[in-house]
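J.: The following comprises the amino acid sequence and a computationally predicted model.
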Amino acid sequence: MQYYVVSPDGQKYGPVDVPTLAQWAKESRITPDSILESMQDASRVPASQVPGIFAQAAANPYADYPTPTSFTTQQRPTGDYAGDDGSKDVTWAWICCGAGFCCCCFVSIAGIILGNRAMKKGNLKGQAPMIVSIIVLLFGLFSQYFFWTGFVQGFQKSLKEQQTRQPTFSQRVVAPSSAKAI
């Protein structure tokens, strides 16, 4: 049997058969409230009352579509990291980041590695300590550079001052005087 689809403004589309209407129902082109007009007797009925249109679509409306996997917030990998969500790595990454800020900037390298490992395990919270550890490392490297260059320049300056204040060995040797002996 074939039907026309009647739009709300009265325009007719078709005629189409029931399998095509079922496909349109899957695609949400028609709803159960859409009006269909029979091609045989011109009677109008809602699409929900025509057998075979929404029965197939109601069984599994998403059968023709692939399951979306890219919309998950945390994808759990398999293999070496199965069962480990990376939360311990995130905690240790923050600890290394803090230690790198307080003590030695090179400890923050461990924070970068642990944050990266947590992200590979599917834990997106590893990104924040990884970024902060990079900032701490860069800040520490710059401060170390300025500290050591200042230290070396200060040391060189103090050596120059010492050399100008102290007489050399040749200046300390008493030259024979021309004084007359009594």
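T.: Cool, got the structure.
J.: how deep is the nearest residue to Gln40 once chain neighbours are set aside tucked in, by neighbour count?
T.: Excluding the flanking residues, the one nearest Gln40 by Cβ to Cβ, 6 or more residues apart in numbering is Met1, at 6.9 Å. Using the backbone N, CA and C atoms, a C-beta is placed for each residue, glycine as well. Neighbour count for Met1, taken as other Cβ atoms under 10 Å: 11.
J.: which ones are touching Met1?
T.: Taking Cβ atoms under 8 Å, 6 or more residues apart in numbering, we find Met1 in contact with 17-18, 38-40.
J.: Which of the residues you listed fall in strands?
T.: For the contacts of Met1, the ones inside strands are 17, 38, with DSSP state E as the criterion.
J.: any chance of the contacts of Met1 in a markdown table, plus pLDDT?
T.: Output for the contacts of Met1, formatted as a markdown table (pLDDT from 0 to 100):
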| residue | pLDDT |
| --- | --- |
| Asp17 | 87 |
| Val18 | 84 |
| Ser38 | 83 |
| Met39 | 79 |
| Gln40 | 81 |
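J.: Go ahead and build a PyMOL selection from the buried members of the contacts of Met1.
T.: Buried residues within the contacts of Met1, by 16 or more other Cβ atoms under 10 Å, are selected in PyMOL with:
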select buried, resi 18
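J.: With respect to Ala128, which of the contacts of Met1 is nearest?
T.: Val18 (55.2 Å; Cβ to Cβ).
J.: quick one: the closest residue to the closest one other than its chain neighbours and Pro46, what's the gap?
T.: Of all residues not flanking Val18 in the chain, Gly52 sits nearest, at 4.7 Å (Cβ to Cβ, 6+ apart). According to Cβ to Cβ, to the nearest Å, Gly52 stands 14 Å off from Pro46.
J.: Just the buried residues of the helix or strand hosting Phe146, please?
T.: Using DSSP states H and E, Phe146 sits in helix 127-165. Using 16+ other Cβ under 10 Å as the test for burial, helix 127-165 gives 129-130, 132-134, 136-137, 140.
J.: gap between it and the chain center?
T.: Helix 127-165 sits 33 Å away from the centroid of its parent chain (Cα atoms, centre = their mean, to the nearest Å).
J.: can I assume Ser87 is in contact with Gly126?
T.: No. Ser87 is not in contact with Gly126 according to Cβ atoms under 8 Å; the separation is 9.2 Å.
J.: returning to that earlier point: can you tell me which of the buried residues of helix 127-165 is nearest Asp9?
T.: Met130 (57.2 Å).
J.: What is the helix or strand Val5 falls within packed up against?
T.: Val5 belongs to strand 2-6 when elements are defined using DSSP H and E. Counting by 3 or more Cβ pairs under 8 Å, 6 or more residues apart in numbering; DSSP states H and E, the packing neighbours recorded for strand 2-6 are strand 12-17, helix 18-26, strand 35-38.
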